[in-house]
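Trainee: just coords:
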């Protein structure tokens, strides 16, 4: 099975940077995904990592270390619309296992 | 382009009543289909997945069942709802087996069992 841990909540100021950590333990690994979920809505895809290193997509970056079972999502130049839950998910075969999500609140 | 539909959007049902939630995908063929449940303040729990018509894999033993009568249709059912079945039900699809293929989620059904 998979154990996926991420912080429950984080708060940051508009324009700042926030880093959301995710640690996982898995018996198989086919990649790690980050999703964004606004309250009451469906998750939307943000990033995918399968090899070690940093993937950058505009204001969002995601990092993976497979040997450490560790990933982080970096959100730069925070905007109010970035207030949402961020879900870490590990893929094994056909399936994704999700963490409980990190609720990020951006303050003016 | 591909789209995924779920209905109904919201549902209030009494304990012991039956349930049928429907999910359809347009613009693709032979997708992998998934049902998740998200309880309040919790992560997504995978309930069922299907890699083809009539093929259903169950992840969590419970009083729910799933069926895939057509290639792009996935149905979640229950004969008798429990209070603990309340939650946000999400259908998702992905194409093929490539690891980088992300899952696309439908808009969800919010179910309240009273």
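Mentor: The structure has been received and is ready for your questions. Computed from a predicted model, the values in this text were never measured in an experiment.
Trainee: Spell out which strands sit alongside the lowest-mean-pLDDT helix or strand in chain A in the sheet and which way each one runs.
Mentor: Using mean pLDDT, DSSP states H and E, strand A:2-5 stands out as the lowest-scoring helix or strand of chain A, at a mean of 86. Using DSSP bridges, strand A:2-5 pairs in its sheet with strand A:18-26 (antiparallel).
Trainee: what comes up buried for whichever helix or strand residue B:56 is part of?
Mentor: Counting by DSSP states H and E, the element that carries residue B:56 is strand B:55-58. Under the neighbour-count criterion of 16 or more other C-beta atoms under 10 Å in any protein chain shown, strand B:55-58 has residue B:56 buried. Backbone N, C-alpha and C define where each C-beta goes, glycine included.
Trainee: On the C-terminal side of it, identify the next helix or strand.
Mentor: Next element after strand B:55-58 (DSSP H and E): strand B:64-70.
Trainee: helices or strands next to the strand holding residue B:56 in the packing?
Mentor: When contacts are defined as 3 or more C-beta pairs under 8 Å, 6 or more residues apart in numbering or on different chains; DSSP states H and E, strand B:55-58 packs onto strand B:44-52, strand B:64-70.
Trainee: rerun that using 6 Å as the cut-off
Mentor: Strand B:55-58 makes packing contacts with strand B:44-52 when contacts are defined by 3 or more C-beta pairs under 6 Å, 6 or more residues apart in numbering or on different chains; DSSP states H and E.
Trainee: How far away from the center of its chain is the strand it packs on?
Mentor: 7 Å (C-alpha atoms, centre = their mean, to the nearest Å).
Trainee: can you pull up the bridge partners for residue A:102?
Mentor: In beta-bridge terms (that is, DSSP bridges), residue A:102 pairs with residue A:86.
Trainee: how far away is it from residue A:75?
Mentor: To residue A:75, residue A:102 is 11 Å away according to C-beta to C-beta, to the nearest Å.
Trainee: who's more crowded, those two?
Mentor: A direct count of neighbours by other C-beta atoms under 10 Å in any protein chain shown for residue A:102 and residue A:75 places residue A:75 higher, at 23 against 20.
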